[in-house]
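Student: the following comprises the amino acid sequence and a computationally predicted model.
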Amino acid sequence: MMKAYLANGLFSIGDRYVNEQIAKALREAIDGIALYVPQENDAINDKSAYADSLAIAAADLAHLQESDVLIAVMDGVEIDSGVAAEIGVFSTFNRPIIALLSDVRQQGRDNEKKIQALIEDGVENQFIYRNLFVVGLIKQNGVIVNTIEQLVDEVEKCLQKN
């Protein structure tokens, strides 16, 4: 049985919805996957209750340590700080990281007008930026994909390797 950890923000309706969709797709595609989704852990993420920083760190670290693969969502204005921390920790285990970056600003990389505008005026950047240290940690043992379908395919490839 494969154990996986889904890292993403979990405080907005959008993040929670994306997490639900990813979890549903993975659970439907991969029989028996043990998928840890922090927002489903009410012991630390029921925000009407109380969990301190040490309890949150202990719970999430335990699940990171036992996971075979990390699934990390890189969407948003910047990579969520918790996700960046989870990527950093997990990268030390030398296990696969599959990141999802669905931002539409990745499109048009071959558009000469966009490239020329960026060259002429650095603030006319119509592309996206992600912290290159975090990107490098992912690429050491993983991949960055653009769709949930690609993400599921990559997780299935990890399962086949195990």
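Tutor: Looks like it came in fine. Numbering: from 1, shown residues only.

Student: tell me the spacing between Asp42 and Ala51.
Tutor: Going from Asp42 to Ala51 by C-beta to C-beta, to the nearest Å gives 9 Å. In this view, the C-beta of every residue, glycine as well, is placed from N, C-alpha and C.

Student: same thing with Tyr5?
Tutor: 18 Å.

Student: Ile144 too?
Tutor: 31 Å.

Student: look at these two and report which has more neighbours.
Tutor: Ile144 (19 against 16; other C-beta atoms under 10 Å).

Student: wait, the more buried one touches Asp75, no?
Tutor: No - using C-beta atoms under 8 Å, Ile144 is not in contact with Asp75, being 11.4 Å away.

Student: could I get the one helix or strand Val155 maps to in PDB with only the CA atoms?
Tutor: Using DSSP states H and E, Val155 falls within helix 148-161. In PDB, the C-alpha atoms belonging to helix 148-161 read as follows (Å, rounded to 0.1, in the frame of the first residue of the first chain):
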ATOM      1  CA  ILE A 148      -4.800  16.900 -11.600                       C
ATOM      2  CA  GLU A 149      -4.800  14.200 -14.200                       C
ATOM      3  CA  GLN A 150      -1.100  14.500 -14.700                       C
ATOM      4  CA  LEU A 151      -0.600  14.400 -11.000                       C
ATOM      5  CA  VAL A 152      -2.600  11.100 -10.700                       C
ATOM      6  CA  ASP A 153      -0.500   9.600 -13.600                       C
ATOM      7  CA  GLU A 154       2.800  10.500 -11.800                       C
ATOM      8  CA  VAL A 155       1.600   9.100  -8.500                       C
ATOM      9  CA  GLU A 156       0.700   5.900 -10.300                       C
ATOM     10  CA  LYS A 157       4.200   5.800 -11.800                       C
ATOM     11  CA  CYS A 158       5.600   6.000  -8.300                       C
ATOM     12  CA  LEU A 159       3.400   3.100  -7.200                       C
ATOM     13  CA  GLN A 160       4.700   1.000 -10.100                       C
ATOM     14  CA  LYS A 161       8.300   1.700  -9.000                       C
END
